[in-house]
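Chemist: Pasting a predicted model and its sequence here:
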Amino acid sequence: MTATEILTWSEGRLTWYGCGPTVYDSPHIGHARWVIWLIVRTYVSFDIIRRILQNYCGIKVTYCMNITDIDDKIIRRARQHHLLSQYEQTACSIEEVRKDIALASRLVTHCAVPLAEYLDEQYGHTVNTLFTSLPRKYEEEFFQKMDLLGVGHVSNVMRPDVVPRVTECVPQIVEYIQRIIAHGFAYGQGFIGRYVSAGSVYFDVPAFSLHHSYARLVPESVTDLKSLAEGEGSLATSGEKRSARDFALWKASKEGEPSWDSPWSKVVVRFSVEGRPGWHIECSVMATAVFGAQMDIHSGGHDLKFPHHDNEMAQAEVSFLFDGAYFNGGPWVRYFLHSGHLTINGCKMSKSLKNFITIDAALAETSPRRLRLLFLLHVWNQPFDYSPDALAEAATYDRQFSTGTHADASRRCNLRYSGSNMADSFNTRQCLNELKALISVANSVVQSTIGSPTGVGSVRMVGNYIISILKVCCSV
Ligand SMILES: [Zn+2]
């Protein structure tokens, strides 16, 4: 995708849906530190493209990003928070605490995590909290972290125009699933023969594959059951699915899990089983609720290509199938954008390698402006390596852009060329290199014309040009 192509069909406006974070933990803690960097890599890269489209190409972008506020991890973590605080309030003697801690056999150095796991195992089914306060808290923390990645308001990650949350869209999700069932591409109890589903509903991948192409984004992953299982939780091995490739649209809730009423809630004999949405369905529904049957851009990290985006596409295609929207009006998504891989010092960020770095630590090492330049030096869909060398390179560019330019250079430099790089490929690294070359040429000109009063206007032009290009994506 290039901005030039976009300009030809967008007519000055475009719609963009980005898959948002699953807000289940603080960006400071454990696995979330790794997750938050993947998010940072994705959102800062796409923030740069969004700014180029808006600030350079003059396109009005309406950006929607969902918040996944209901999910297996959120449910477990919310229950654990609740039980742990209840435990702290009710455990009355040190002997009692010692006894309970001894039962939490996974206790190694920090007692809170294994104790919370233990309490969840023992009492999780009794918890009936609303599961909303925890994701709200981490959602706010997420946006605060994104705000830190810039200077003032100029180069923050721009907040989305629309932020739908899964828990606010359950009626639309139920309606959407009903359409998929009506079109013959999903099943639950009552229409699955010998396969008994206790209130869950599954997308029928083999039925879809008969007339559609499944996994178009990552065709080689059609049989990647490990990736598919990641979003399924315990349903991956429940034995309810007709095919291991099928995925959950609606999950029956167990005790201690949040639940909503649905047409599939009351079909189980003896029990009234309510449920909750599966993972992939949320984005198909929320994007449709905000943008209608089609959108221009859909973005996410490279890890979301399969199964998440492939499954979203399958759901959307069969949901709109008989409405005529899909085939008559073009594809559901015009362009998918996936950000490149993230590494730390050339290695994957991992707990075992102990190479986690928090956003706060990164900002202590460098400035938000240099961090932004670091992102501009990595093209959005290429691998991104966070390392001392990469930070040093960003600092070098920062110094060069900060020293300014003083030259009669407009005659010798094509002032359009760095901008065209930005528009035609979003190749921000090449753009920065050309701005740097422009400064070098300008500086050599100023050296050869020292004392000459001519060219002051041109000097200003070059300086203004460089500032205007930098301002598209970061503060100057
Ligand atoms: Zn999504």
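Modeler: In hand now; what should we look at? Numbers count the residues shown, from 1 in each chain.

Chemist: C-alpha only now, for contacts and for neighbours.
Modeler: Noted.

Chemist: residue contacts, the residue of the stretch 101-250 of the chain found nearest the ion?
Modeler: Closest to the ion within the stretch 101-250 of the chain is Val166: 10.7 Å, counting by CA to the ion. Neighbour list for Val166: Asn66, Ile67, Thr68, Asp69, Ile70, Glu282, Met286 [criterion: CA atoms under 8 Å, 6 or more residues apart in numbering].

Chemist: Please, which helix or strand holds Lys251?
Modeler: strand 247-252 (DSSP states H and E).

Chemist: Ala116 too?
Modeler: helix 112-123.

Chemist: And Gln382, by the same measure?
Modeler: Assigned by DSSP H and E, Gln382 falls outside every helix and strand.

Chemist: let's have the chain start at 587 instead
Modeler: Renumbered: residue one is now 587, and that last one reads Gln968.

Chemist: Please list the residues of the stretch 587-736 of the chain that sit near the ion.
Modeler: Cys605 (CA under 5 Å from the ion).

Chemist: close to the ion, is the following helix or strand past the strand holding Lys837?
Modeler: For strand 833-838, the following helix or strand on the C-terminal side (DSSP H and E) is strand 861-863. No. Applying CA under 5 Å from the ion, one finds strand 861-863 separated from the ion by no less than 12.9 Å.

Chemist: now the helix or strand just after strand 861-863 against strand 833-838, angle please.
Modeler: Note on strand 861-863: by DSSP H and E, the next helix or strand toward the C-terminus is helix 865-877. Compare the direction of helix 865-877 with that of strand 833-838 by axes from the mean of the first three to the mean of the last three CA atoms, to 10 degrees and you get 90 degrees.

Chemist: Contacts made by helix 865-877 with the rest, please.
Modeler: 601, 603, 605, 650, 652, 657, 750, 752, 755, 758-759, 762, 817-818, 834-835, 880-881, 894-895, 897-899, 901-902.

Chemist: now that helix: mean pLDDT?
Modeler: In this model, helix 865-877 has an average pLDDT of 95.

Chemist: what's the answer for stretch 729-743, then?
Modeler: 64.

Chemist: before we move on, what about stretch 1023-1038?
Modeler: On average, stretch 1023-1038 scores 72.

Chemist: so what secondary structure elements neighbour the helix holding Ala702?
Modeler: helix 658-676 (3 or more CA pairs under 8 Å, 6 or more residues apart in numbering; DSSP states H and E).

Chemist: isn't there a strand covering Lys827?
Modeler: No. Judged by DSSP: H, G, I helix; E, B strand; the rest coil, Lys827 forms no part of a strand; its state is coil.

Chemist: any idea how far it is from Leu835?
Modeler: Separation of Lys827 from Leu835 (CA to CA, to the nearest Å) stands at 12 Å.

Chemist: show me where the stretch 687-836 of the chain has strands.
Modeler: Ranges of strands in the stretch 687-836 of the chain, per DSSP state E, counting those that start in this stretch, are 772-774, 787-789, 833-838.

Chemist: chain center to the first one, what's the gap?
Modeler: Offset of strand 772-774 from its chain centre (CA atoms, centre = their mean, to the nearest Å): 29 Å.

Chemist: on contacts alone, who are the packing partners of it?
Modeler: helix 756-768, strand 787-789.

Chemist: buried residues in the first one?
Modeler: By neighbour count, with 16 or more other CA atoms under 10 Å as the criterion, the buried positions of helix 756-768 are Val756, Gln758, Ile759, Val760, Tyr762, Ile763, Gln764, Arg765, Ile766, Ile767.

Chemist: Just the strands from the stretch 887-1036 of the chain, written as ranges.
Modeler: 919-925, 928-930, 970-972.

Chemist: got JSON lines for the ones you listed, with mean pLDDT, mean neighbour count and distance to Asn1019 too?
Modeler: Output for the strands of the stretch 887-1036 of the chain, formatted as JSON lines (pLDDT from 0 to 100; neighbours: other CA atoms under 10 Å; distance: least, CA to CA, whole Å):
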{"stretch": "strand 919-925", "mean pLDDT": "92", "mean neighbour count": "18", "distance to Asn1019": "21"}
{"stretch": "strand 928-930", "mean pLDDT": "81", "mean neighbour count": "19", "distance to Asn1019": "22"}
{"stretch": "strand 970-972", "mean pLDDT": "86", "mean neighbour count": "21", "distance to Asn1019": "17"}
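
Chemist: Distance to Arg637 for those strands - can I get that in JSON lines?
Modeler: Formatted as JSON lines, the strands of the stretch 887-1036 of the chain follow (distance: least, CA to CA, whole Å):
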{"stretch": "strand 919-925", "distance to Arg637": "15"}
{"stretch": "strand 928-930", "distance to Arg637": "22"}
{"stretch": "strand 970-972", "distance to Arg637": "20"}
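
Chemist: looking at those strands, which is closest to Glu951?
Modeler: Comparison of the strands of the stretch 887-1036 of the chain against Glu951 by CA to CA identifies strand 970-972 as nearest, at 11.8 Å.

Chemist: Show me what the closest one pairs with in its sheet, parallel or antiparallel.
Modeler: Strand pairing for strand 970-972, determined by DSSP bridges: strand 928-930 (parallel).

Chemist: so how far is the partner strand off the chain centroid?
Modeler: The answer for strand 928-930 is 16 Å, by CA atoms, centre = their mean.

Chemist: How many residues are close by the one residue in the stretch 837-986 of the chain that gets nearest to the ion?
Modeler: Residue of the stretch 837-986 of the chain nearest the ion, by CA to the ion: Cys869 (4.5 Å). Cys869 is flanked by 28 other residues according to other CA atoms under 10 Å.

Chemist: next one: the one 5 residues further on
Modeler: Thr874 sits with 18 neighbouring residues when counted by other CA under 10 Å.

Chemist: do you know how far it is from Lys837?
Modeler: 21 Å.

Chemist: ok, now Val904?
Modeler: Distance from Val904 to Lys837, by CA to CA: 20 Å.

Chemist: Which one of these two is surrounded by more residues?
Modeler: Counted by other CA under 10 Å, Val904 and Lys837 do not tie: Lys837 has more neighbours, with 25 against 21.

Chemist: Right, I'll call it a day here.
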